[in-house]
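Participant: generate coordinates for the sequence data below:
(one chain, ligands or ions: 1)
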Amino acid sequence: MITVNITRSEATCWCPLCGIQNVTDTAEINECEHFEGLISMNEFVEGDKNGILNEAYEAAYNLQTFNEEFDGTDEEYREAYVEACKKHNVNPDQQNISAKDILESKLNDHYVLFYMGSWAPNPSEGIYLYNLQTAAEE
Ligand SMILES: [Zn+2]
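Facilitator: Numbers count the residues shown, from 1 in each chain. Okay, here's the model as predicted:
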């Protein structure tokens, strides 16, 4: 997966291939064949056409919960966590594994993720996923 980091606070997003505005300034979603969907504020999955974002979001959530419940001493628990991380190809020593980390380890370079965010006073964060090689172009 190719990741492009963009610093800005607007939620709007345009498809890099066909130019459709996939996310309007009122957060409406317009589909195109390339847009897979988005995750806003690491919390809300929108327009997830093929279920890729929900799957990554849930995997990250489960790993975070798993890790939070670890008391730091139970070796079997730690091993189970390391195994769960291996399944998703993410580093068990990393704190706060996100959906973005899961997607980065899972998707090939036919996918591009725009990671948009800005700092206070208007903090925002969104990941916008595109599949640049759709069935019509394969
Ligand atoms: Zn498009």
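Participant: mind naming the longest helix for the protein?
Facilitator: Ranked by number of residues, the top helix in the chain under DSSP state H is helix 52-68.
Participant: show me where pLDDT drops low in the protein?
Facilitator: 135-138 (pLDDT under 70).
Participant: what strand or helix carries the residue nearest the centre of it?
Facilitator: Residue closest to the average C-alpha location in the chain (CA atoms, centre = their mean): residue 100, at 3.6 Å. In this assignment (DSSP states H and E), residue 100 forms part of helix 99-106.
Participant: over to residue 72?
Facilitator: Per DSSP H and E, there is no helix or strand for residue 72.
Participant: ok, it to the ion distance?
Facilitator: 46 Å (CB to the ion, to the nearest Å). The way it works is simple: take the backbone N, C-alpha and C, and place the C-beta from them, glycine included.
Participant: okay, now that residue: neighbour count?
Facilitator: Using other CB atoms under 10 Å, residue 72 has 6 other residues around it.
Participant: for it, which residues are in contact?
Facilitator: Contact partners of residue 72, counting by CB atoms under 8 Å, 6 or more residues apart in numbering, are absent.
Participant: circling back to that earlier point, got the contact list for the helix holding residue 100?
Facilitator: For helix 99-106, contacts defined as CB under 8 Å, 6+ apart pick out 1, 3, 39, 42, 52-53, 56-57, 59-60, 88-90, 94, 111, 113, 115, 127, 129.
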